[in-house]
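> Below are the sequence and a predicted model; questions follow.
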Amino acid sequence: MLFGPPGAGKGTQASIIVDITGKPQVSTGDMLRFAVSEGTELGFEAKKFMDAGGLVPDHVIIGLIEQRLEESDASGGVLFDGFPRTIPQAEALSRITDVSAVISIEVPDDDIVSRIVGRRMDPETGEIYHISFRPAPEEIQSRLVHRKDDTEETVRNRLIAYHEQTKPLGDWYANRGILTEIDGTGSIQEVGASVKEALSGL
Ligand code: AMP
């Protein structure tokens, strides 16, 4: 499981873990955005929470995860990215399956806002860029998308939700002896090296 505040680089680092472990990435944020883009009832419900920077209700998320874990590619384990985000979600997950390791990417709040507001995504590949820290190649720049919830105001709300509801989970997993903290403030390569080191210790 990848744990950390919004904008810590969980999505970016997930690809390294997927490459090394071969396990599929399960990102509740991506699943919700897909539901929104498909115009499903779930997407319609979730959108108002997402646009405001709040958390989607636990029962919705737990239902999504239960369904996802029944798919055949999940039988050998998955990489959770952005889930769980509350203690009730973690408790529900512990009733479904065991969590073997949690990597927490630590980034101070002051860095988060500039990271998120400059973030852009390539909808064709899912690759994540940043206007200053990781500019996309010239030829794909016109197709990049700026997430609707990647604005300064929404980021502040997402950080509040993180501190109030998600951060306590770090202690929850630390108490279970499965949390590895890494410094997420370096370059993508530096953080990637720490992720690899954490993985090799598992
Ligand atoms: P993310 O892409 O992980 O930053 O998620 C984007 C938004 O989706 C969040 O700000 C929440 O509104 C919602 N979301 C994603 N995962 C969860 C979760 N596990 N629990 C509640 N809301 C979530």
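Arrived safely.

> Might you report the residue contacts of the residue positioned nearest the centre of the chain?
Nearest to the mean C-alpha position of the chain, counting by CA atoms, centre = their mean, stands G82 at 3.2 Å. By CB atoms under 8 Å, 6 or more residues apart in numbering, G82 lies in contact with 2, 10, 27-29. Any C-beta I mention is one placed from the backbone N, CA and C, and that applies to glycine too.

> Excluding chain neighbours, what is closest to it?
G29 (4.6 Å; CB to CB, 6 or more residues apart in numbering).

> Check the spacing between that neighbour and the ligand real quick.
2 Å (CB to the nearest ligand atom, to the nearest Å).

> Could you tell me the phi and psi values at that residue?
Backbone dihedrals for G29, given as degrees, to the nearest 10, come out at phi -60, psi -50.

> And Q25, by the same measure?
phi -80, psi 130.

> From T166, how far off is it?
Distance, Q25 to T166, using CB to CB, to the nearest Å: 18 Å.

> In terms of neighbours, single out the busier of those two.
The neighbour count for Q25 versus T166, taken as other CB atoms under 10 Å, is higher for T166 (23 against 19).

> So for that one, what's the pLDDT?
Note on T166: pLDDT of 97.

> Can you pull the residues of the chain lying near the ligand?
6, 28-29, 32, 49-50, 53-56, 61, 82-85, 89, 149, 158 (CB under 6 Å from any ligand atom).

> Go through these and flag which are in helices.
28-29, 32, 49-50, 61, 89, 158 (DSSP state H).

> Most neighbours among the contacts of G82, which one is it?
Going by other CB under 10 Å, K10 tops the contacts of G82 with 25 neighbours.

> how close does it sit to R95?
Distance from K10 to R95, by CB to CB: 24 Å.

> Which residue is the nearest non-sequential neighbour of G4?
In space, G4 is closest to I105, 3.7 Å off (CB to CB, 6+ apart).
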